[in-house]
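Asker: coords please:
(one chain, ligands or ions: 1)
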Amino acid sequence: MNTTTDAPHVRTEGLTVRYGAFQALRDVTVSLPAGGISGLIGPNGAGKTTLLNAISGFTPIAEGSVHIGHRNITALGTRRRALAGVVRGFQTVRLMERESVLTNVLVGTERLPQPNALAQFLALPSQWRARNRDLAAATEVLDLLGLARQAHRRVDELPFASRRLVEVARVLVSAPSVILLDEPAAGLDQEGRQELAAVLTRVHENHPSTMVVVEHDVDLVKSLCSYVIALDSGAFLRDGTPAEVFGDRQVQLAYFGRAASADA
Ligand SMILES: Nc1ncnc2c1ncn2[C@@H]1O[C@H](COP(=O)(O)OP(=O)(O)OP(=O)(O)O)[C@@H](O)[C@H]1O
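Answerer: Residues are numbered from 1 along each chain as shown. Okay, the predicted model is just below:
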């Protein structure tokens with residue numbers, strides 16, 4: 001697996017998130033290795049999505065901090081975090097169903113610096129340069145994901161597995177340095193899962209990034225991730241290699257409801 005120091009590591013310190021009186025995350029300190037693909041696992045309600053939301057700024061933090069490389073981004077909103085290279089995908093497919101694949105992917109380029117409204121109104125050269133840059137980025141990512149031939153098809157004409165990839169393409173098109181994917185394989189069959197794992201590995205080899213994938217499928221995590229963090233009931237449980245984490249008795253109890261012989 002390709003790792004690189006070009007992408008930053010991601011660190012949370014003492015992260016607590018509350019929904020009213022309920023603590024969805026409790027004092028969570030984790031460190032995700034720079035340039036690797038990390039899996040975030042845990043039973044339903046463990047706080048995985050909340051952790052992605054806290055890192056990307058979608059959920060307010062009650063206590064603690066979030067760091068990207070040496071930068072403390074806790075005070076930044078979602079837009080400024082995205083400009084800093086932190087981009088997340090969502091658990092459910094959120095596409096403009098009646099628009100083309102290309103149009104959907106171009107939405108992701110809004111995270112790139114864009115000419116101001118006046119330049120756009122006057123159709124200045126800076127606007128055309130930005131448009132060409134966005135089209136080139138979208139074309140490249142569609143190529144990488146094997147979607148180039150579908151670029152002008154309407155999203156609602158595509159099979160579910162391809163729509164999932166369009167969602168991933170929209171995240172990738174701004175070439176983020178930190179990519180947070182929330183169950184990107186949800187709803188896919190075994191073949192679709194394997195294809196997705198291959199695509200994500202290819203993307204990671206082509207674009208240096210620190211990738212975090214929330215996933216329930218143990219085999220997918222083992223094949224895709226070099227590092228795993230396990231949460232349970234809003235708290236940090238264990239981190240390490242897939243073999244270490246899935247071999248851990250506490251993880252097995254939390255995740256499978258029983259301890260099993262490690263099959264890692
Ligand atoms: N907006 C919210 N308001 C109140 N409680 C919430 C909210 N979002 C999440 N929760 C609760 O916080 C806890 C953690 O939720 P979260 O979605 O982060 O878990 P998860 O590990 O991603 O679960 P799953 O695997 O089911 O997606 C759960 O008990 C959930 O019900």
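Asker: other SSEs contacting the strand or helix carrying Ala230?
Answerer: Applying DSSP states H and E as the criterion places Ala230 in strand 227-232. Strand 227-232 sits against strand 22-32, strand 37-41, strand 235-240, helix 242-246, helix 249-256, with contacts defined as 3 or more Cβ pairs under 8 Å, 6 or more residues apart in numbering; DSSP states H and E. Glycine gets a C-beta too; all of them are placed from N, C-alpha and C.
Asker: Dump those into JSON lines; add distance to Arg133 and mean pLDDT as well.
Answerer: Formatted as JSON lines, the helices and strands packed on strand 227-232 follow (distance: least, Cβ to Cβ, whole Å; pLDDT from 0 to 100):
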{"stretch": "strand 22-32", "distance to Arg133": "29", "mean pLDDT": "97"}
{"stretch": "strand 37-41", "distance to Arg133": "27", "mean pLDDT": "96"}
{"stretch": "strand 235-240", "distance to Arg133": "38", "mean pLDDT": "96"}
{"stretch": "helix 242-246", "distance to Arg133": "38", "mean pLDDT": "95"}
{"stretch": "helix 249-256", "distance to Arg133": "43", "mean pLDDT": "87"}
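Asker: Let me see the contact set for the residue positioned nearest the centre of the chain.
Answerer: Taking Cα atoms, centre = their mean, the centroid of the chain lies closest to Leu180, which sits 1.8 Å from it. Applying Cβ atoms under 8 Å, 6 or more residues apart in numbering, we find Leu180 in contact with 52, 55-56, 86-89, 211-212.
Asker: In the stretch 151-264 of the chain, where is pLDDT below threshold?
Answerer: For the stretch 151-264 of the chain, the stretches flagged by pLDDT under 70 are 258-264.
Asker: could you pull out the strands for it?
Answerer: Ranges of strands in the stretch 151-264 of the chain, per DSSP state E, counting those that start in this stretch, are 178-182, 210-214, 227-232, 235-240.
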